[in-house]
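[1] Predicted structure and sequence below. I'll ask about it afterward.
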Amino acid sequence: MPPKAADAKAKPKPEAKKKAKAEKTEEEDEGPKMQAPDREAHNAAIAKIQEAIDAFQKEQAGLAARIAERSGGKDEFFHKRDELRTQLAEFSAKIDALMDRKSNINKAIGDKKQEDADKRNQLNKMKKSIGYTSEADIDQRIADIEFKLWTDTISLKEEKEYLKEIQELKKNRPKVSQVNKMEAGLESFDSRASFKDQISAINEEMAVFREGKKKVQEKMTELMEGRREQLGDLPKIIEERDAIGKKIAEKIKERNELRDEFRAKEREFREFLNEQRRVRAEKAAAERAARQAEYEKTRRVKQAEKLDEQPHVQEMTLIEQTMLFCKSLVQTKEAEEKKEQKEIKHDLKDGMEVLAKKEDRDEFYFVPTAKKKSKSKNKGGGKEGGSSRPIKHNAETFRLFDQLKLDAPITTDDIPATLEKLEAQLEMYKEKVKAWEINREELKRKILEEGVQPEAEAAEAAEAADESKEVAEEKAEEEKAEENE
């Protein structure tokens, strides 16, 4: 049976596809290769490291539990320690304040000593410049010089010197009392005693604060020793916990390094695959281009071969058949009567005669009593004399006229105008065929050499033909209108 034969022919196609796929895989295997990263081995190594991390974390959790057990009373210890530290800070602040006061007093004492020394130096300089310690000595010297001037004979130069000395003595006489007052003031005023009293008071206060601070420090020492006894070997346990924490960090670092290394391999492998895909895509694109070129070549040859077939054969055949159909509808009775008819001889007996046809009778054989009503009434659509007849159409004839883009004739009077339109269309197609015969070889050359599509050039010719068709239809309609008038 035909369907089974078709199935039998279709079966080898999958095998051909399988062969093509096998050839492709063989071609792919011939290219460069790269081993994909072993994820199972990577996961196994990560799992091994994770087991070590879990074991360390479990051990660390046990040490943390032991530390928590021995860390009871921690809040109370910290509270007491903070209180004692606060007290120590208060004592230290008070002692520092007293030390600052003591430093200021000592500085004031030093400044005062320097001031007294400066005054005493100034006093000694004044004493040296005056040369006398009392006003009586100055008066006695002035009296001695005056007596000598009165009694002794001296030169003018010596007299001038004595007079000058008297003037100096009189000038320095008030300074003697001033020097005596300054000396008495230095001897009577002693500020160091008040400073010493202040320092003594400060030392006493500092001793009290230091004693209080010492007691607080003893309490702090006692508190720390009690806490140390309570903790026992807790520092050692904390050291072990910290050491395990470092091991965990090392394992985590090792795990991260393994992951980074595996991801780097994956990236490298993906880049390799992408490169292979790119190479295959380029190869496939080249193959597609070659196939497309071959297909284009074959297509051009087929298009060129199609030009050997006369175009519009179907349209022209349809128009000619339609014209014959229309002409067959307008054949009149007179044309039919022109056919040769043979005379028939009848062998009639006596008293017999041949009955003529109803339409050939000159008189009725039986006189009719009434006339029959005419079945065909003239509705105004036909010509005088009743020569116009309606045309019966079916779906097929309507479809044929629709293909030709014409209205189907309703009566026999519409047939001449329809025939003119059909002749115009037929003439248009004949012109196209002539153009095809003229341009066929040139179109072949353009298709084969330049790849020009004949539709592009044929479109212009089609437009020109459509214009001529429209002109012909308009002309036919005008002629029909003139006939109706």
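    Cool, got the structure.
[2] any idea how far stretch 293-301 is from the chain center?
    45 Å (CA atoms, centre = their mean, to the nearest Å).
[3] Now that stretch: buried residues?
    For stretch 293-301, the neighbour count (16 or more other CB atoms under 10 Å) marks Arg300 as buried. Glycine gets a C-beta too; all of them are placed from N, C-alpha and C.
[4] same check, this time on stretch 298-312
    Of all the residues in stretch 298-312, those buried under the rule 16+ other CB under 10 Å are 300, 303-304, 307, 311-312.
[5] average pLDDT across that stretch?
    Taken as a whole, stretch 298-312 has an average pLDDT of 77.
[6] Now name the helix or strand holding Leu426.
    helix 415-445 (DSSP states H and E).
[7] and that helix, what does it pack onto?
    Counting contacts by 3 or more CB pairs under 8 Å, 6 or more residues apart in numbering; DSSP states H and E, helix 415-445 is packed against helix 313-329, helix 454-484.
[8] pLDDT weak spots in the stretch 1-150 of the chain?
    The model of the stretch 1-150 of the chain has pLDDT under 70 over residues 1-31, 70-73, 123, 127-133.
[9] Surely Tyr162 and Ile145 touch.
    Yes: assessed by CB atoms under 8 Å, Tyr162 is found in contact with Ile145 at 5.0 Å.
[10] Sketch out the helices for the protein, chain order is fine.
    Under the criterion DSSP state H, the chain carries helices at the ranges 2-10, 12-30, 39-70, 74-130, 135-151, 156-188, 192-231, 234-306, 313-329, 333-337, 395-403, 415-445, 454-484.
[11] what's the closest of those helices to Arg389?
    Closest approach to Arg389 among these (CB to CB): helix 313-329, 8.2 Å.
[12] Quick one: neighbours of the nearest residue to Phe398 once chain neighbours are set aside, just the number.
    Nearest non-adjacent residue to Phe398, counting by CB to CB, 6 or more residues apart in numbering: Ala408, 5.6 Å away. Close neighbours of Ala408, defined as other CB atoms under 10 Å, add up to 17.
[13] Look up how far Ile415 lies from Ala408.
    10 Å (CB to CB, to the nearest Å).
[14] Name all residues that sit in contact with those two at the same time.
    Common contacts of Ala408 and Ile415 (CB atoms under 8 Å, 6 or more residues apart in numbering): Ile391.
[15] Give me the distance between stretch 226-234 and the centre of its chain.
    On CA atoms, centre = their mean, the centre of stretch 226-234 falls 61 Å from that of its chain.
[16] mind listing what's buried in it?
    Neighbour-count burial for stretch 226-234 [16+ other CB under 10 Å]: 227, 231, 234.
[17] Also stretch 167-182?
    In stretch 167-182, counting by 16+ other CB under 10 Å, buried: 169, 172-173, 175-176, 179, 182.
[18] swap in stretch 214-222?
    Judged by neighbour count (16+ other CB under 10 Å), stretch 214-222 contains these buried residues: 216, 219-220.
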